[in-house]
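Visitor: from the sequence below, what's the structure:
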Amino acid sequence: MAAFEYIALDKQGKETKGIVEGDTAKQVRQILRDKGMMPLQIETTSGKQETGSKKTSSFGTRLLSRGISSTELALLTRQLATLVQ
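Guide: Purely as a prediction, here's the structure:
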């Protein structure tokens, strides 16, 4: 499932923003309608993350973002070579 950002009008006509998960934009529109909202705009989050959530970052991304020492890199490379054999 992908995450979609939306802008919609609620029952009182107030504009609301949020994030909903769904398979397609069409499904997200239906979810919003079921909640009594009128969708105005729906976009995929495309790389954005929800506040406080790191679900989209993988182990490799986290590892490279903090850096890796040459000792850790050598150990990782040796272990990977052993697994490949």
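Visitor: so which residues of this structure form strands?
Guide: In the chain, the strands defined using DSSP state E lie at 2-9, 15-22, 38-44.
Visitor: for the last one, packing partners?
Guide: Where contact means 3 or more CB pairs under 8 Å, 6 or more residues apart in numbering; DSSP states H and E, strand 38-44 is packed against strand 2-9, helix 25-34. The C-beta positions use only the backbone N, C-alpha and C, and glycine is treated the same way.
Visitor: and of the ones you listed, who's closest to Q85?
Guide: With distances scored as CB to CB, the stretch of these nearest to Q85 is strand 2-9 (38.5 Å).
Visitor: CA atoms only: put that closest one into PDB for me.
Guide: Below are the C-alpha coordinates for strand 2-9, written out as PDB (Å, rounded to 0.1, in the frame of the first residue of the first chain):
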ATOM      1  CA  ALA A   2       1.200   3.500  -0.800                       C
ATOM      2  CA  ALA A   3       0.600   6.600   1.300                       C
ATOM      3  CA  PHE A   4      -1.300   9.500  -0.200                       C
ATOM      4  CA  GLU A   5      -1.500  13.100   1.000                       C
ATOM      5  CA  TYR A   6      -4.900  14.700   0.700                       C
ATOM      6  CA  ILE A   7      -6.700  18.000   1.000                       C
ATOM      7  CA  ALA A   8     -10.500  17.600   1.500                       C
ATOM      8  CA  LEU A   9     -13.500  19.400   2.700                       C
END
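Visitor: on that earlier part again, which one of the strands of the chain lies nearest to S69?
Guide: strand 2-9 (34.3 Å).
Visitor: quick one: that closest one to strand 38-44, angle?
Guide: 150 degrees (axes from the mean of the first three to the mean of the last three CA atoms, to 10 degrees).
Visitor: for strand 2-9, which strands pair with it and how are they oriented?
Guide: strand 15-22 (antiparallel), strand 38-44 (antiparallel) (DSSP bridges).
Visitor: turn those into CSV, columns for mean neighbour count.
Guide: Listed next are the strands paired with strand 2-9 as CSV, based on neighbours: other CB atoms under 10 Å:
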stretch, mean neighbour count
strand 15-22, 14
strand 38-44, 13
